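S.K.: Turn this into a structure:
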Amino acid sequence: MTLLRDRLGRSVAATPVAWPIAGGACGAAIRAHDWSATPLGAIDTWSPQLRSTVNTVVNSPVAKVLMWGADGLMLYNDGYARIAGGKHPAAIGARAVDVWPEQADFNRHVLGEVMRGEVMLFRDQPMTLHHDGAAHAVTLDLFYTPVHDFDGSVGGVLGTVIDNSERVAAERQLARSESELRIVTDALPVLISYIDRDYVYRFANSFYEDWVGLTPAQVVGRHVRDVIGKPAFAVRQPMMDRALAGETVTADARLPHRDGGDRASELRYIPRIEPDGAINGFYVLVFDVEERVNRTLQLERQISHRERAERQLRVLNETLEARVIREIEERRLAEAGLAQAQKMETIGKLTGGVAHDFNNLLQVVSGNLQLLGKDIAGNARAERRVSNAMAGIERGAKLAAQLLAFGRRQAL
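M.R.: Have a look, this model is predicted:
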């Protein structure tokens, strides 16, 4: 033990006056502090382990604090001073429980556990620290390891502090933004997603469940090929590669739908260009235009029908005058034919009447001639004349028969 003290004495005597070496503002503050009035005593009486640890602490680029001894006296670097705020530099050499009374229970627990040799780790530890007249909510990664003194006992606790407050605040803001974005995108009847350079979904809205039968959670993290199918991916990949090259791509396509068929769609691939010009992925917008396409086809059919009807009407209009003239001529001819028929009917009736009357006269004449023929029997000359008269009566009878026949035909 005496030999160890002698070695320690020689080591202390060899300690440079400007110690700890360097260490920025906190190194200078430690050098200027009156340690003789503290339980640690003057710097030149500190053990090599304590001096070495303090020198490592003040020259570390990461926020570190050493709480030494049972009281947990604080020695820290410039990184930790920024966390301490207005409590620096008074916190140098003070007890941790006095510097941070709002975290006294936490610090007592840590000091008790680590001084017994335990290693403690706290990830994203939320804390409220009071300094500069205000309460500051912070989120810290805290690593506590025991520091062994020359005799093997635990002399203090070395704490490494990483301030994640900005990162956590940014993550919370991002989460809020993503939540707001999801509210907006989920309200739209459009497939909206983000795909990285490996063709893996990194975002998908709820409309994917309506289209492909997968929730956003089931889509995110999967390859495009596994979501839309190999055939559809083979067709879309060249367009995706164009988007990854920086081109905004718009195309009409038919995509498989959960109902088993294909639906007409309008695709838009929009590259996401970072400030440095890098393209790490692209946004996807897919519009369901099936109803619009069907309405367009129906409208085109209606237009075709209307155009055909207009052509037919135009042809009818162009031939209307000729058809009217033809109809008028046909009507004139019909009327003339009717008038002629009526005239012939009248003539037929007249002829029939005349024929009847003429035939009656012929009958009278014929009867008288027949009687006369008896009276002149034996008179050849008179008989010849009566015979000639009878021949004329026969010819008159034939004429009357023809007139009667003509009259009957016209009546019909």
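
S.K.: could I get stretch 114-133 in CSV with only the CA atoms?
M.R.: As requested, C-alpha coordinates have been extracted for stretch 114-133 and formatted as CSV (Å, rounded to 0.1, in the frame of the first residue of the first chain):
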residue,chain,number,x,y,z
VAL,A,114,-24.3,1.9,-11.2
MET,A,115,-22.2,2.4,-8.1
ARG,A,116,-23.0,-1.2,-7.4
GLY,A,117,-21.4,-2.1,-10.8
GLU,A,118,-24.6,-2.1,-13.0
VAL,A,119,-24.6,-0.7,-16.5
MET,A,120,-27.8,1.2,-17.4
LEU,A,121,-29.3,2.3,-20.7
PHE,A,122,-32.3,4.5,-21.5
ARG,A,123,-33.4,5.0,-25.0
ASP,A,124,-35.5,8.1,-25.9
GLN,A,125,-36.0,8.9,-22.2
PRO,A,126,-38.4,11.8,-21.9
MET,A,127,-37.4,14.3,-19.3
THR,A,128,-38.3,17.8,-18.1
LEU,A,129,-35.3,19.9,-17.2
HIS,A,130,-35.6,23.3,-15.5
HIS,A,131,-33.0,25.9,-16.4
ASP,A,132,-32.9,29.5,-17.6
GLY,A,133,-36.2,30.2,-15.8
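
S.K.: Report the distance from that stretch to the chain centre.
M.R.: Here stretch 114-133 shows a centroid-to-chain-centroid distance of 47 Å under the convention C-alpha atoms, centre = their mean, to the nearest Å.

S.K.: and it, what's its mean pLDDT?
M.R.: Stretch 114-133 shows a mean pLDDT of 95.

S.K.: Buried residues in that stretch, which are they?
M.R.: 114-115, 127, 129, 131 (16 or more other C-beta atoms under 10 Å). Every residue, glycine included, has its C-beta placed from N, CA and C.

S.K.: Give me the subset of the residues you listed lying in strands.
M.R.: Residues of the buried residues of stretch 114-133 located in strands (DSSP state E): 127, 129, 131.

S.K.: all helices of the stretch 1-150 of the chain, in order?
M.R.: Counting by DSSP state H, counting those that start in this stretch, the stretch 1-150 of the chain has helices at residues 2-13, 24-32, 48-58, 78-84, 96-99, 104-115.

S.K.: about what we covered before: now for the buried residues of stretch 114-133: which two are most distant?
M.R.: Of all pairs drawn from the buried residues of stretch 114-133, the one with the largest separation by C-beta to C-beta is 115 and 131; the distance is 25.8 Å.

S.K.: what's around residue 391, how many residues?
M.R.: Applying the criterion other C-beta atoms under 10 Å, we find 10 residues in the vicinity of residue 391.

S.K.: Specify the beta-bridge partners of residue 120.
M.R.: With DSSP bridges as the criterion, the beta-bridge partners of residue 120 are residue 144.

S.K.: Counting neighbours, which bits of stretch 88-104 end up buried?
M.R.: Residues of stretch 88-104 classed as buried under the neighbour-count rule (16+ other C-beta under 10 Å) are 88-89, 91-97, 99-100, 103.

S.K.: out of the residues you listed, which one sits closest to residue 349?
M.R.: Within the set of these, residue 103 lies nearest residue 349; the separation is 138.9 Å, counting by C-beta to C-beta.

S.K.: so what's that closest one closest to, chain neighbours aside?
M.R.: Closest residue to residue 103 in three dimensions, ignoring its sequence neighbours and counting by C-beta to C-beta, 6 or more residues apart in numbering: residue 127, at 6.3 Å.

S.K.: re the thing from before, pipe the buried residues of stretch 114-133 into JSON lines and attach distance to residue 273 per row.
M.R.: As requested, the buried residues of stretch 114-133 are arranged in JSON lines below (distance: C-beta to C-beta, whole Å):
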{"residue": "114", "distance to residue 273": "49"}
{"residue": "115", "distance to residue 273": "54"}
{"residue": "127", "distance to residue 273": "39"}
{"residue": "129", "distance to residue 273": "40"}
{"residue": "131", "distance to residue 273": "42"}
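
S.K.: With respect to residue 285, which of the residues you listed is nearest?
M.R.: Of all the buried residues of stretch 114-133, residue 285 sits closest to residue 127, with 43.3 Å by C-beta to C-beta.

S.K.: and stretch 309-325, average pLDDT?
M.R.: In this model, stretch 309-325 has a mean pLDDT of 80.
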